[in-house]
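Trainee: attaching a predicted model along with its sequence, questions to come.
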Amino acid sequence: MHLDHDHHHGPAALSADARRPDGSRRALRIGLGGPVGSGKTATVAALCRVLRDELSLAVVTNDIYTREDAEFLLREAVLPPERIAAVETGACPHTAIRDDISANLEAVEDLEDEVGPLDLILVESGGDNLTATFSKGLVDAQIFVIDVAGGDDIPRKGGPGVTTADLLVVNKTDLAPYVGSDLARMAADAKAQRAELPVVFQSLRGQAGVADVAAWVRERLAAWAV
């Protein structure tokens with residue numbers, strides 16, 4: 001529904017390994033986290049459909065014991081199979097994106113080596129709670145996805161995912177009338193928790209779809225390419 005732009009809030013500092021051995025900039029890595037069922041995989045799929053003709057991109061998914069999210073993306077044919085990698089974490093999802101990032105880091109580096117050069121790699125976390133955040137050693141920016149069916153008090157409850165993610169996405173706004181969620185209240189609470197950090201209200205069933213999130217990704221890429 002809207003994207004609160006803050007042109008004074010610049011991109012995160014570059015990682016020490018921001019360049020490839022040949023001196024060129026490596027792919028921008030953006031992590032997507034959020035609770036189970038919030039719409040992370042659907043958002044990743046929609047981003048792939050919108051961006052795949054203009055960017056060279058790939059995806060890493062995380063599940064605890066399965067490859068279900070990767071298999072969904074493969075069934076939807078959002079990218080060629082060689083551009084989708086799956087990590088089975090075998091533990092709580094936040095472990096593999098924050099505490100021991102080795103499997104994910106290997107996956108993103110393998111994708112860059114095997115199908116690169118890439119402009120963008122999306123790293124989708126397994127479903128987790130409001131404390132899920134990505135290690136800065138793994139991603140350069142992070143998106144946190146919540147949905148209105150989870151309750152309109154989620155932004156007010158805060159937690160690191162809601163308060164510190166580079167972009168907060170409030171998904172499934174089309175369900176708000178059916179679950180009793182107040183979008184204006186969610187917007188006000190998100191603003192109170194996040195100050196000038198941007199928030200997108202999104203329905204993938206609506207005409208705009210993932211457009212605002214894709215625009216934010218393009219802005220990050222423009223800054224990354226400098």
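Mentor: Perfect, I can see it now.

Trainee: next, the contact list for the most centrally placed residue in the chain, please.
Mentor: Nearest to the geometric centre of the chain sits Leu32, at 2.4 Å (C-alpha atoms, centre = their mean). Contact analysis of Leu32 by C-beta atoms under 8 Å, 6 or more residues apart in numbering lists Lys40, Thr43, Val44, Leu122, Val123, Glu124, Ser125, Gln142, Ile143, Phe144, Val145. (Glycine included, C-beta is placed from N, CA and C.)

Trainee: quick one, what contacts the second one?
Mentor: By that I understand Thr43. Applying C-beta under 8 Å, 6+ apart, we find Thr43 in contact with Leu32, Ile143, Val145, Val169, Asn171, Gln202, Leu204, Val210, Val213.

Trainee: so Ile215 is in which element?
Mentor: Let me fix one detail, which is that residue 215 is Ala and not Ile. Ala215 is part of helix 211-224 when elements are defined by DSSP states H and E.

Trainee: report all helices and strands that that helix contacts.
Mentor: Contacts defined by 3 or more C-beta pairs under 8 Å, 6 or more residues apart in numbering; DSSP states H and E place helix 211-224 against strand 28-33, helix 40-51, strand 167-171, strand 199-201.

Trainee: any of the contacts of Leu32 buried? List them.
Mentor: Among those, those classed as buried by 16 or more other C-beta atoms under 10 Å are Lys40, Thr43, Val44, Leu122, Val123, Glu124, Ser125, Gln142, Ile143, Phe144, Val145.

Trainee: go ahead and confirm Ala86 touches Val59.
Mentor: No - the pair Ala86 / Val59 is not scored as a contact, 9.3 Å apart, by C-beta atoms under 8 Å.

Trainee: ok, Leu28 - how many residues close by?
Mentor: 23 (other C-beta atoms under 10 Å).

Trainee: wait, what's in contact with it?
Mentor: Counted by C-beta under 8 Å, 6+ apart, Leu28 has contacts Asp119, Leu120, Ile121, Asp140, Ala141, Arg220, Leu221, Trp224.

Trainee: who does it bridge with?
Mentor: Taking DSSP bridges, one finds Leu120 as the beta-bridge partners of Leu28.

Trainee: can you tell me how far it is from Ala214?
Mentor: To Ala214, Leu28 is 14 Å away according to C-beta to C-beta, to the nearest Å.

Trainee: for my notes, confirm Thr95 occurs in a helix.
Mentor: Yes - according to DSSP: H, G, I helix; E, B strand; the rest coil, Thr95 belongs to a helix.

Trainee: OK, contacts around it?
Mentor: Counting by C-beta under 8 Å, 6+ apart, Thr95 has contacts Thr89.

Trainee: how far away is it from Asn104?
Mentor: 10 Å.

Trainee: what's the following helix or strand after the helix or strand of the chain with the lowest mean pLDDT?
Mentor: Across the helices and strands of the chain, mean pLDDT, DSSP states H and E gives its lowest value to helix 93-94, namely a mean of 70. Sequence-wise, the next helix or strand downstream of helix 93-94 (DSSP H and E) is helix 102-115.

Trainee: residues of stretch 191-202 that come out buried?
Mentor: Gln193, Arg194, Leu197, Pro198, Val199, Val200, Phe201, Gln202.

Trainee: where's the nearest residue to Lys172 once chain neighbours are set aside relative to Ser125, distance?
Mentor: Excluding its sequence neighbours, the residue lying closest to Lys172 (C-beta to C-beta, 6 or more residues apart in numbering) is Asp147, at 4.3 Å. Per C-beta to C-beta, Asp147 is found 15 Å from Ser125.
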